[in-house]
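Student: Any chance you could fold what I've pasted below:
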Amino acid sequence: MLKLTIIMPSFNRGQYIREALDSVFCQQTNYQFKIIIADDASTDNTLEIIKEYKDKYPDKIEIWTSEKNQGLHQNILRVYRNIKTDYWTVLDPDDYWTDNLLIQKALVFFENNKEWTIYAANINVIDQTTNDKRQTTNMPYVRLKPKYKIIDSSFQDYLNGKAVLSCTQASFYRNIFNDELFNKMAQIDLEIAKQAFRGDSFRNAVHLYKGNAHFVNEICAVYRITGTGLWTAISEFAKNNLNTLIFMVLFKFFDEKYPQLKRFAYKTFNINKNIILSIIKGNYEKGILSEAQIDAFFYLLKQFIQNPVSTDDKSISLKNKIRLKIYGYLKSKVSEKGLD
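Tutor: Okay, here's the model as predicted:
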């Protein structure tokens, strides 16, 4: 009986995907699994390689193709809706597992601990964008002292900023997806909200809401920074915008019950606010921001002004309310000084 679905969203990753697939088929487990490779109209040799592995492992691989590129959100959401197994995970095709017992460890834990919805372990990060070898190897994603072998986290820990979680390559999930969850996702009316649903932050939050997370401090995989990924390829300003948006969407998703989520959003937004003010004052060089990033920032600014973090929160100051009224002027000034 199938127990685990491994999702592999692919787009032009022919250079790396063999290593990812080999790391799956090296797994020593008595649990049945399948890999759904959702290819988003790759134009390199990715599909050729995938079909080669499909011929070798016909019962283990499903290939989903697209006629045109639809972006990670739609590519991965179509797989979410079709997960029929008890458990699932995502392995990006430019990363790979190093622990051949990873599936076995994760699923044995889930089978024996019904209240847990996340199993996670640590990974090494390899940064291929730098020539400094000191930064390319043996860089754990979660930096904990060796004495911390196992850490369990609850949703309350998450709201307190104390949950210990990992990233895509080392996170396994109990399948809690259902029509109710997907319908709720569709009801979030924030612009560009779809960006929030595609990654770890949303997956971790909704699963922690339904159970606990179990983190094992041992290296099980490699996260490869190539400089072309959806996260690693964007600027720090864009990352702050995206993190702000994610917490705003989570705040909405959980029916605005948890103001901590909105405060998390404002914390990352505030970093970019200071950058914007510096640009207006002429303290930053031209060309550091794109028009899309500026648009995203001012969209988020409007959200915070129209819906303050709390009625008595001093972080939403009178100055910010004035900024909203002169929104068009501010935006034009930032565009003038922040773009080439």
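
Student: list the contacts for the residue lying closest to Thr43 once chain neighbours are set aside?
Tutor: When the adjacent residues along the chain are set aside, Thr43 lies closest to Asn12, with 6.3 Å between them (Cβ to Cβ, 6 or more residues apart in numbering). Glycine gets a C-beta too; all of them are placed from N, C-alpha and C. Neighbouring residues of Asn12 by Cβ atoms under 8 Å, 6 or more residues apart in numbering: Ser42, Thr43, Asp44, Thr46.

Student: Could you do Asn124 as well?
Tutor: Going by Cβ under 8 Å, 6+ apart, Asn124 touches Thr98, Thr137, Asn138, Met139, Pro140, Tyr141, Ile219, Ala221, Val222, Tyr223.

Student: Doesn't it lie inside a strand?
Tutor: Yes: counting by DSSP: H, G, I helix; E, B strand; the rest coil, Asn124 falls inside a strand.

Student: how near is it to Thr244?
Tutor: Asn124 sits 29 Å away from Thr244, going by Cβ to Cβ, to the nearest Å.

Student: Same check on Arg224?
Tutor: Per Cβ to Cβ, Arg224 is found 27 Å from Thr244.

Student: Counting neighbours, go ahead and name the busier of those two.
Tutor: Thr244 (26 against 21; other Cβ atoms under 10 Å).

Student: Excluding covalently adjacent residues, which one is nearest to the more buried one?
Tutor: Using Cβ to Cβ, 6+ apart, the nearest residue to Thr244 is Phe269, at 4.3 Å.

Student: Isn't the one you found up against Leu300?
Tutor: Yes: counting by Cβ atoms under 8 Å, Leu300 is a contact partner of Phe269 at 5.7 Å.

Student: Now list whatever residues contact both of the two.
Tutor: With Cβ under 8 Å, 6+ apart, Phe269 and Leu300 have common neighbours Asn241, Thr244.

Student: coming back round to it: and the contacts of Asn124, which of them are in helices?
Tutor: Per DSSP state H, helices hold no members of the contacts of Asn124.

Student: Could I get the contacting residues of Leu21?
Tutor: Met8, Ile35, Ile49, Tyr53, Pro93.

Student: so which of those residues comes closest to Phe197?
Tutor: Met8 (18.1 Å; Cβ to Cβ).

Student: Report all helices and strands that whatever helix or strand that closest one lives in contacts.
Tutor: Following DSSP states H and E, one finds Met8 within strand 2-10. Using 3 or more Cβ pairs under 8 Å, 6 or more residues apart in numbering; DSSP states H and E, the elements in contact with strand 2-10 are helix 17-25, strand 32-39, helix 71-80, strand 87-90, helix 102-112.

Student: So which of those is the most surrounded?
Tutor: Of all those, strand 87-90 carries the top mean neighbour count, a mean of 22, counting by mean count of other Cβ atoms under 10 Å.

Student: residues making contact with that one?
Tutor: Strand 87-90 has contacts (Cβ under 8 Å, 6+ apart) with 3-9, 76, 106-107, 110, 168, 171-175.

Student: now with 10 Å?
Tutor: With contact meaning Cβ atoms under 10 Å, 6 or more residues apart in numbering, strand 87-90 is reached by 2-9, 31, 33, 36, 76, 79-80, 97, 102-103, 106-107, 110-111, 117, 119, 167-177, 199-200, 203.

Student: strands paired with it, and their directions?
Tutor: strand 2-10 (parallel), strand 171-174 (antiparallel) (DSSP bridges).

Student: I'd like those strands as a markdown table, with mean pLDDT and distance to Glu19 appended.
Tutor: Supplementary listing: those in a markdown table, determined by pLDDT from 0 to 100; distance: least, Cβ to Cβ, whole Å:
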| stretch | mean pLDDT | distance to Glu19 |
| --- | --- | --- |
| strand 2-10 | 93 | 12 |
| strand 171-174 | 98 | 19 |
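
Student: No more questions from me, cheers.
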